[in-house]
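1. need a 3D model of the sequence below.
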Amino acid sequence: MTLGANKNIVEGEIADYCMEDNGILVSFSKNPKRTIANITANIALVKQITHNKRVPLLIHLCNSPVPSRETQKFATEQLASVYIAMAMVSKPGLASFILGLLFKFKKPPIPMKSFTNENEARQWLQQYV
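-> Reported below is the predicted structural model:
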């Protein structure tokens, strides 16, 4: 999916965002290596976009370098502060790899599901709007 010219796009270092009228935040992941610093800045950006409201996230994943364990732990701890649920859209295997990387030893803090089809991801997220 590409964002239309009439959408209000907010650009960030690790992702671009569009808040949809239906309450779903759409994210297009970028490929810089995640660090605690850029994740902290991204969390602040998301809170600004959502006015500090927890929202469902539809994220289009891309390949990016594997972050450090500390960064992975930090990112996991921050999820529930900004999102209600997360639907990840990617080519087959990428989302499963990320889920395995982040949640190998414990359950995700919010409902998460991976998809290869954006429409299916949106349908799943509707229960969290």
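2. give me the below-cutoff pLDDT ranges for the protein.
-> Within the chain, the stretches with pLDDT under 70 are 1-7, 94-105.
3. quick one, strands of it?
-> If DSSP state E is used as the criterion, the strands of the chain fall at 9-11, 15-19, 25-29, 55-60, 83-89, 112-115.
4. what's in contact with the fifth one?
-> Strand 83-89 has contacts (CB atoms under 8 Å, 6 or more residues apart in numbering) with 25, 54-61, 79, 95, 98-99, 110-118, 121-122, 124-125, 127-128. For glycine as for every other residue, the C-beta is placed from the backbone atoms N, C-alpha and C.
5. list the contacts for the closest residue to residue 12 other than its chain neighbours?
-> Computed as CB to CB, 6 or more residues apart in numbering, the closest residue to residue 12 that is not its neighbour in sequence is residue 45, at 4.9 Å. Listed by CB under 8 Å, 6+ apart, the contact set of residue 45 reads 10, 12, 17.
6. could I get those residues as JSON lines with distance to residue 50 and neighbour count?
-> Conversion of the contacts of residue 45 to JSON lines gives the following (distance: CB to CB, whole Å; neighbours: other CB atoms under 10 Å):
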{"residue": "10", "distance to residue 50": "10", "neighbour count": "16"}
{"residue": "12", "distance to residue 50": "13", "neighbour count": "17"}
{"residue": "17", "distance to residue 50": "9", "neighbour count": "23"}
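7. which one of those residues sits closest to residue 40?
-> Ranked by distance to residue 40 (CB to CB), these are led by residue 12 at 11.8 Å.
8. show the contacting residues for that closest one.
-> For residue 12, the contact set (CB under 8 Å, 6+ apart) comprises 30, 41, 42, 45.
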